[in-house]
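1. Sequence first, then the predicted structure, then my questions.
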Amino acid sequence: MGLSNNITAILNFIALLCSIPIIASGLWLASKPDNECVHLFRWPVVVLGFLILVISLIGFIGAYWYKEGLLALYLCFMAILITLLLVLLIFAFVVTRPDGSFWVPGRGYQEYRLDGFSNWLRDHVTSDDYWPKIRNCLAESNFCGKLNSRYVGAGAAQFFLAHITPLQSGCCKPPTICGYQYVDPTMWVNPVNPAADADCSVNS
């Protein structure tokens, strides 16, 4: 067995071993109680693990025992996988490049407008099929609770200069343009009508 085949066999054996914890992680997520974040990720993780397992197994057997047919199949699968990854990366770059962010005077964080995102991402995220799941996932992930704990007792001036994440900026507080008055990081009061359920309310 040539040196190149040895290296290919070793790399595929390592990939084969790595696929086992990936599959186990996906199965562990599948066994968890119902959770929107788990629903979004558990089966893609399992499928990814099985794909790595199958491809690395084909590559290992083909390289170790020098099975030309399996090596050809392995190279074909790898070419397809690399092409799909490149297409996915290009697509992700195109649809996420416009991020809807803008700076507000007197703020240490950026704010976000939905119309600043790409049409595909905006329509996909706000659709009735996906937005309720994403909203529930964000709520269960406690992004806003962590923000509140971090800045508990902070005054408005201190919070306005804070560096918070895009998710926290976009989901845990109303946009500055709405004119809400700061109480704490996740509680804001409408100065016009405190009981109003306006379009400027917190999205989370």
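-> Yes, it's here. Residues are numbered from 1 along each chain as shown.
2. which parts of stretch 130-143 are buried?
-> By 16 or more other C-beta atoms under 10 Å, the buried positions in stretch 130-143 come out as I134, C137, L138, F143. Glycine gets a C-beta too; all of them are placed from N, C-alpha and C.
3. Ignore what I typed, I meant stretch 86-106.
-> Across stretch 86-106, burial judged by 16+ other C-beta under 10 Å covers G100.
4. ok, now stretch 143-163?
-> Those would be F143, C144, L147, N148, Y151, A154, F159, A162, for stretch 143-163 by 16+ other C-beta under 10 Å.
5. To what extent is S169 buried, counted in neighbours?
-> 20 (other C-beta atoms under 10 Å).
6. same deal with I52?
-> 19.
7. Give me the pLDDT value at it.
-> pLDDT, I52: 91.
8. Name the next helix or strand downstream of the helix or strand hosting it, please.
-> Using DSSP states H and E, I52 maps to helix 36-64. Later in the chain than helix 36-64, the nearest helix or strand by DSSP H and E is helix 68-96.
9. now that next one against helix 36-64, angle please.
-> Angle, helix 68-96 to helix 36-64, by axes from the mean of the first three to the mean of the last three C-alpha atoms, to 10 degrees: 150 degrees.
10. and V104, backbone torsions?
-> phi -110, psi 130 (degrees, to the nearest 10).
11. Distance of the closest residue to it other than its chain neighbours relative to V189?
-> Spatial nearest neighbour of V104, chain neighbours left out: T176 (4.9 Å); criterion: C-beta to C-beta, 6 or more residues apart in numbering. Here T176 is placed at a distance of 14 Å from V189 (C-beta to C-beta, to the nearest Å).
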